[in-house]
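> Let's see this in three dimensions:
(chains A and B, ligands or ions: 2)
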Amino acid sequence: MIISSAKPFEEILELLKEEDDIFILGCNACAAKLHVGGELEVIRMQQRLEEAGKRVVGWVVPGAACSVASFDALVEKNPAIKEAKAILVMACGSGVSTVSRVAEVPVYPSNNTNSLGGRSQGEVIPELCAMCGNCTVYYFGGICPRGQCPKQLINGPCGGSKDGKCEVDQDKDCVWELIYLRLERIGRLDLLERIWDPNGIPD
Amino acid sequence: MPRTFKEKLLSDDFLVTAEITPPKGTDLNEALEDAEILRGLADAFNVTDNQRAVMRMSPLAVSKALLDKGHEVIMQLTCRDRNRLALQSDVLAAYSLGVRNISVMSGDHTTKGDHPRARPVFDIDSVQLLGAIRKMKEGFDLSGNEIGGMPDLTVGAVSNTDLSKPMQLLKLRKKIKMGAEFIQTQAVYDTGQFQTFMEHIVDMDIPVIAGVIPLKSAKMARFMNGNIPGINVPPEMIELMENAEDPAWEGLSICAQTIRELKGLCRGVHVMPIGSHSRTPELLEMAGIRKDN
Ligand code: SF4
Ligand code: SF4
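Ligands and ions are numbered 1, 2, ... in the order given. Next comes the predicted model:
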């Protein structure tokens, strides 16, 4: 899932400074699961905007903000949009961009888009994949160093980890530590011997 | 005729390399003076490349200035600041200006330095850069275009000596496979631990030049233990530093003892002083190292 997080409300107000008659569009996919674009958050946003003196003409939470057929289709399902002079999209940048392509009015993001992550047993994992276009995650025990190592090192760790923690963030495990443990557990340490060429192709 | 670093690497000499930090600014005098102190003592100077992600003059310019003064250099090259085009282009530039030794490393992350918002590159890693340079030595760039070759280039890499990190050893193996001809290490304090490391990699058959940093105070020792990966100052040393009347001298003396012990274990030492090399000659003399070639 795409990991996005809510911008501070003050920043959203600043973005909408010149705007009124706002339509709010949430997203029932990733953003809803992360509680930054589901129905509850959309309604809460409407309240806060109205408290701040804005008129909200309507809202909708489509299945996914990143999948919109056309502006007409959008209006057909949500006639209130016709009155809107601006749309606030509570989704990732992909959702904002998709809506911007079809909408006739300015479109604003309420979220910051961070990474491609996931959610496992209730825990949100912010970074999993860097979308490199050539998935080789299997060779790393399913733990992608491109997605999770800040230096994107695929031939092994830098010398910067300390006590198993990443040089860049002492609260995070060095991903190479995790890869090693995982491959050891599944008996495939041999996968680590591969030398990856600059195009990400194994020897 | 003085021998090259490469020739010395292939001999049985105990080598001394020393770190030179490029200036934060355009004045080369300090760096040149620092190197001058070690003329006849150091076999080559490692010129650092935006070390700890702190912006400084390009090691290429400093290397050239040192070469002009008749010194031998090992130009460092990190993968943090340049993509594969820029890395190869700097290797070509360095070779054409007379640089004959290059040492490659990933580099500290930009968030650790003085421009924390700088975009880190890491387009290729140190293993891949070694492979690229090997190819360049044979006359081809990374895409297979002919470039004429760089037959006299000697390439090194760095390594951790911490055996508790199996991945580091695996990576060291990869570096050697991809053409590393010598290794320089993080500062060694615990020579027993270093000896175990050397025994462990004996099959890799590569000259290892062990890093040393003279301690200046007990505080510095504790700081390094807590903050610098791969450094392990034993408690006895910290205690010695703590009780020393002249901690800087004590630090030199401890370091000299370390160098003496390292003489039997590896192919050389790499001196990384904090600050200038003003006391490095004293250190080397205490360690019984005299050179004049
Ligand atoms: S290799 Fe890593 S970054 Fe590339 S697609 Fe697979 S998980 Fe994503
Ligand atoms: S410490 Fe590990 S995860 Fe962090 S940058 Fe280095 S190799 Fe990558």
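
> which residue packs closest to residue B:248, ignoring adjacent ones?
residue B:216 (5.4 Å; Cβ to Cβ, 6 or more residues apart in numbering or on different chains). No exception for glycine: its C-beta is placed from N, CA and C like everyone else's.

> and that neighbour, what does it touch?
With contact set as Cβ atoms under 8 Å, 6 or more residues apart in numbering or on different chains, residue B:216 has these partners: B:247, B:248, B:251, B:274.

> any low-confidence regions in the chain?
No chain was given, so I picked chain A. Within chain A, not a single segment meets pLDDT under 70.

> looking at chain B here, not the other one
Checking chain B against pLDDT under 70 turns up B:1-2, B:292-293.

> hang on, the earlier thing: could you single out the nearest of the contacts of residue B:216 to residue B:145?
residue B:274 (42.9 Å; Cβ to Cβ).

> which of the contacts of residue B:216 are buried?
Among the contacts of residue B:216, those classed as buried by 16 or more other Cβ atoms under 10 Å in any protein chain shown are B:247, B:251.

> Ligand 2: which of the contacts of residue B:216 is nearest?
Nearest to ligand 2 among the contacts of residue B:216, counting by Cβ to the nearest ligand atom, is residue B:274 at 23.5 Å.

> now the strands for chain A?
Using DSSP state E, the strands found in chain A span residues A:2-6, A:22-25, A:56-60, A:86-89, A:107-109, A:111-120, A:123-129.

> Also chain B?
Using DSSP E, strands in chain B cover B:15-20, B:44-47, B:73-78, B:101-105, B:154-159, B:182-187, B:208-212, B:268-271.

> For the second one, name the packing helices and strands.
Taking 3 or more Cβ pairs under 8 Å, 6 or more residues apart in numbering or on different chains; DSSP states H and E as contact, the helices and strands that strand B:44-47 lies on are strand B:15-20, helix B:59-68, strand B:73-78.

> Tell me which of the strands of chain A lies nearest to ligand 2.
strand A:123-129 (10.6 Å).

> that older thread, turn the strands of chain B into TSV, columns for mean neighbour count.
Below are the strands of chain B laid out as TSV (neighbours: other Cβ atoms under 10 Å in any protein chain shown):
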stretch	mean neighbour count
strand B:15-20	23
strand B:44-47	28
strand B:73-78	26
strand B:101-105	27
strand B:154-159	24
strand B:182-187	23
strand B:208-212	24
strand B:268-271	25
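
> Just send these back as TSV, with distance to ligand 1 too.
Below are the strands of chain B laid out as TSV (distance: least, Cβ to the nearest ligand atom, whole Å):
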stretch	distance to ligand 1
strand B:15-20	36
strand B:44-47	34
strand B:73-78	23
strand B:101-105	24
strand B:154-159	25
strand B:182-187	29
strand B:208-212	34
strand B:268-271	36
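
> so which of these comes closest to residue B:126?
strand B:101-105 (5.0 Å).

> Alpha carbons of the closest one, as CSV, please.
What follows is strand B:101-105 as a C-alpha-only set of coordinates in CSV (Å, rounded to 0.1, in the frame of the first residue of the first chain):
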residue,chain,number,x,y,z
ASN,B,101,45.8,4.5,-6.5
ILE,B,102,42.2,4.8,-5.8
SER,B,103,40.3,3.5,-2.8
VAL,B,104,36.5,3.2,-3.0
MET,B,105,33.8,3.1,-0.3
